[in-house]
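>>> fold the following and give me the result.
(chains A and B)
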2 protein chains.
Amino acid sequence: MVEKPKNLEGINVRKDENFSEWYTQVVLKAGLADYGPVQGTMAIRPTAYEIWEMIQEAFNRMIKSTGHKNAYFPMLIPESFLTKEAEHFEGFTPEVFWVTHGGNNKLGEQLAVRPTSETIIYSFYSKWIRSWRDLPLLLNQWCNVLRAEIKATKPFLRTSEFLWQEGHTAHATKEEADKEVRMILDFYKEIAEQYLAIPVLQGMKSEREKFAGALYTTTIEALMPDGKAVQSGTSHNLGQHFAKAFGIEFLDEQGQKQFVWQTSWGISTRLLGALIMLHGDDKGLVIPPKVAPVQLMIVPIYKDIEKAEVLKASRSIMESLRSAGFRVDIDERENRTPGWKFNEHETKGVPMRIEIGPKDIASGSVVLVRRNTSEKRSVKISELNNLVKEEIVKMQNEMFEKAKKFLDQNIRVAENYDEFKEILNSKKGFIKAGWCGKDSCEDKIKEETGATSRLIPFDHENTKSCVYCGEKAKSYAYFALSY
Amino acid sequence: MVEKPKNLEGINVRKDENFSEWYTQVVLKAGLADYGPVQGTMAIRPTAYEIWEMIQEAFNRMIKSTGHKNAYFPMLIPESFLTKEAEHFEGFTPEVFWVTHGGNNKLGEQLAVRPTSETIIYSFYSKWIRSWRDLPLLLNQWCNVLRAEIKATKPFLRTSEFLWQEGHTAHATKEEADKEVRMILDFYKEIAEQYLAIPVLQGMKSEREKFAGALYTTTIEALMPDGKAVQSGTSHNLGQHFAKAFGIEFLDEQGQKQFVWQTSWGISTRLLGALIMLHGDDKGLVIPPKVAPVQLMIVPIYKDIEKAEVLKASRSIMESLRSAGFRVDIDERENRTPGWKFNEHETKGVPMRIEIGPKDIASGSVVLVRRNTSEKRSVKISELNNLVKEEIVKMQNEMFEKAKKFLDQNIRVAENYDEFKEILNSKKGFIKAGWCGKDSCEDKIKEETGATSRLIPFDHENTKSCVYCGEKAKSYAYFALSY
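Sure, this is the predicted structure:
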């Protein structure tokens, strides 16, 4: 049962009626982002930014504990750098913003505003790496990147500027680079699943879909409620492509010159888009408690004469919960009714609400309301801290499990092309199908259905024939429409 | 007594012989930064970036605990936005990098790569602020900004791209904005003094030196060993200048439309330049222990047969110090001698070194060496954790006190213009002199001596006459050459 929001600030379209409009309303009305003046740009507002900060914190812990360090590289890239790796240049040039003037002076060479930083970073690596002793070099940067998106921009999911981290490592051997790629991909899965409650599939990208300039690309892919996939993080083995283009060589222990093996990998504010789409409901946003800037909002309920007592009790509960390590706020605004506040914090996705009035105080209890289930229960104040701790874990798990069930139920095997098209026309989701491995079949499927190959699973299962051409299949691939 | 470094990687010029060359060597050889391909750009390497992360962490704590939130705004600013506030436009246009193309398409309007974000942020504020209930609005963003610097670029101190935070707040009254400006300026002083051990003077900028578009600007100014000042953070009251240009109005509690009062404020990676200059010595960098990525480096010393025992003891000491909350590393490289390692970690500014060999182990002690004094002492392992705790506080204080003494000794009063010029020609530093408050005197002083007014102290002391024109002085001003 979905209760329609009662005030104008609420979401006034149902998620299953008009998903795209629903998404836009949640983004704007939950105060997550707002449109910038330049096509495809946006301001990331505090709630969304705080979730991003929590992703940063978690990911920094993972990479720092495995020997990576953060650094920062210039944003402006001379055009001549971009052209050094041919595939890379071709892949990124159409969406580069070009700086042509500094003040009133025309620049001698136009400069790219970084769409990604391989080329600029590797120009430094070619100076910094001399010997096997300099390896592995494991750096990461948190920054903004810009890509001129012309069509179908959508806050968080496809924007002309976004925030991300990009890791760039150099290794002595391919095996080490392979290991790095997979370790990072596992970190990405952990961020998505354990923090954002977004279940993902892991796998390999096809040649067509791999990063421009990579040897191969691995990916995590999430599934949205409308049956479309979101590529949520990629980890590339760059082979020696860039090493050769930029002259990144080292003397090995035997004194032989070798090119390094490189990886690069990134997750971005796009993850926030997936979080919004996946967990939100008709009332608005639902933030997984682990990454919620405010996990509990206390709403005091009183008539004038009871005010002092209720506020005092509310604040004392806030302090007690804060001391226990929870992120708690209290909504003391005088010019808003409790009902108005309930709606607002529901729209904004606060995981739990605590209602407290004179009757609750008299009975030594409060009312705890869970955002994802709307479940209301009376809780003894003396048991609140312990219960909240449990409920946070429970809610986080429930959100993940619900999404996982949805994902699992929406992976369908297509034995032939008719089934493939049938699934795409009706239910969407991931379609698991045999694939011969040829670009031409992938191209035809994309052309005819709009679906792209999202990933090839790491564990090769035997399959019979290519869903398109009928020839012997090399592996399964997961196809889907995507953002 | 200064010991000359013995290996090529060390600094080979004395700080007091050629300060500028010394600075460049420290930046490069301590691995803090490296030059980018575009004039005035640099890569910030891990050690410097980690110090920046510690500044971020400390400042985030300060602003978040006072109700500010982080957000992120678009980097690309339409030219028409910049022109809305006339002074601001005039001040920044000469150094703006302009984006004219997205991919192959010429843009309808050229876009500024943000040199600062007042205009783009306030275009959002004009949408977000409607009522007194929306105030104060207290946002901050951490980002990169770009300013085309043509001459005298220097890593960290003057670069075409740098990292900073920029706070942007909107208030109902001037008084609230005034208070905000000063609170933030005090935070900046705390960051500089308590974390970076950089003593600063606080005060007001002259009309000539204030931020383009501000009502007034406050500043913290540090003094470098060569007698030149570094503006290390500024906090502006923007008055209603931008509010009027961007139409940022609110309905007050009486239902009257009012323009908001605004502030903006920033500190940047420039602080790292001041840290390097101020604390470094002939051996290289010296990092204040509170912000040192590695506070203690353990160097095991052994002959082959003793290796296992020494490494075991070293690692156990590392674990013990880490559990006590210190940032400790161990240099186990086999292909480097202990002496080579000592030099390297001295160049890199690690606050303390622990030497441990078989004799130390036998006596249950280690040798602790302080970077700033080169003081060596034998310490019982059982007492190490407590002693390190003390020594870190002591070293931090010593570094601050030494710099404070230098600052205090280099503030000189000039009674007249001859004295003014004499001080500037000989000792430099800050010159405290009466000033009538007229732009013309300030301009003449700058033209004739190169010194600018760095600040006007908040506490007005009585003074007699303007050091330049001899007319009645309004206040003292502090003049100096500056970076």
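>>> need the three-state assignment for A:E221.
Using DSSP: H, G, I helix; E, B strand; the rest coil, the structure places A:E221 in strand.
>>> right, and it touches A:L201 too?
Yes. A:E221 lies in contact with A:L201 (Cβ atoms under 8 Å); the separation is 5.0 Å. Just so you know, the C-beta spots here come from the backbone N, C-alpha and C atoms, and that holds for glycine as well.
>>> between those two, which is the more surrounded one?
A:E221 (24 against 20; other Cβ atoms under 10 Å in any protein chain shown).
>>> circling back: list residues touching both of A:E221 and A:L201?
Taking Cβ atoms under 8 Å, 6 or more residues apart in numbering or on different chains as the contact rule, A:E221 and A:L201 both touch A:430, A:454-455, A:478.
>>> next, the residue lying closest to A:T347 once chain neighbours are set aside: phi, psi?
Distances taken as Cβ to Cβ, 6 or more residues apart in numbering or on different chains put A:G284 closest to A:T347, at 3.6 Å, once the chain neighbours are dropped. With angles defined as degrees, to the nearest 10, A:G284 sits at phi 140, psi -140.
>>> do A:P78 as well
Taking degrees, to the nearest 10 as the convention, A:P78 sits at phi -60, psi 140.
>>> I figured it hits A:V113, correct?
No. Proximity of A:P78 to A:V113 does not meet the contact threshold set by Cβ under 8 Å, at 11.9 Å.
>>> ok, the helix or strand harbouring A:G167: who's next to it in the sheet?
Secondary structure assignment for A:G167, by DSSP states H and E: strand A:161-171. Paired neighbours of strand A:161-171 in the sheet (DSSP bridges): strand A:137-146 (antiparallel), strand A:261-268 (antiparallel).
>>> give me the contacts around stretch A:324-343.
A:5-7, A:9-10, A:283, A:292-301, A:311, A:314-315, A:318, A:321-322, A:344-345, A:353, A:355, A:369, A:385, A:388-389, A:392, B:133.
>>> return the most buried member of the strands paired with strand A:161-171.
Here the criterion is mean neighbour count by mean count of other Cβ atoms under 10 Å in any protein chain shown, and of those the winner is strand A:261-268, at a mean of 25.
>>> tell me the mean pLDDT for it?
For strand A:261-268, mean pLDDT rounds to 98.
>>> please identify the buried residues of stretch A:348-368?
Buried residues in stretch A:348-368, counting neighbours by 16 or more other Cβ atoms under 10 Å in any protein chain shown, are found at A:348-358, A:360-361, A:365-368.
>>> and these near chain B, which?
Among those, not one lies near chain B by Cβ under 8 Å from any Cβ of the partner chain.
>>> restricted to strands, list those.
Assigned to strands by DSSP state E, the following of the buried residues of stretch A:348-368 qualify: A:352-356, A:365-368.
>>> show me where the stretch 101-250 of chain A dips below the pLDDT cut-off.
Within the stretch 101-250 of chain A, no stretch has pLDDT under 70.
>>> specify the beta-bridge partners of the closest residue to chain B within the stretch 151-300 of chain A.
Chain B sits closest to A:E161 of the stretch 151-300 of chain A, with a gap of 5.8 Å, by Cβ to the nearest Cβ. On the basis of DSSP bridges, A:E161 takes part in beta bridges with A:L146.
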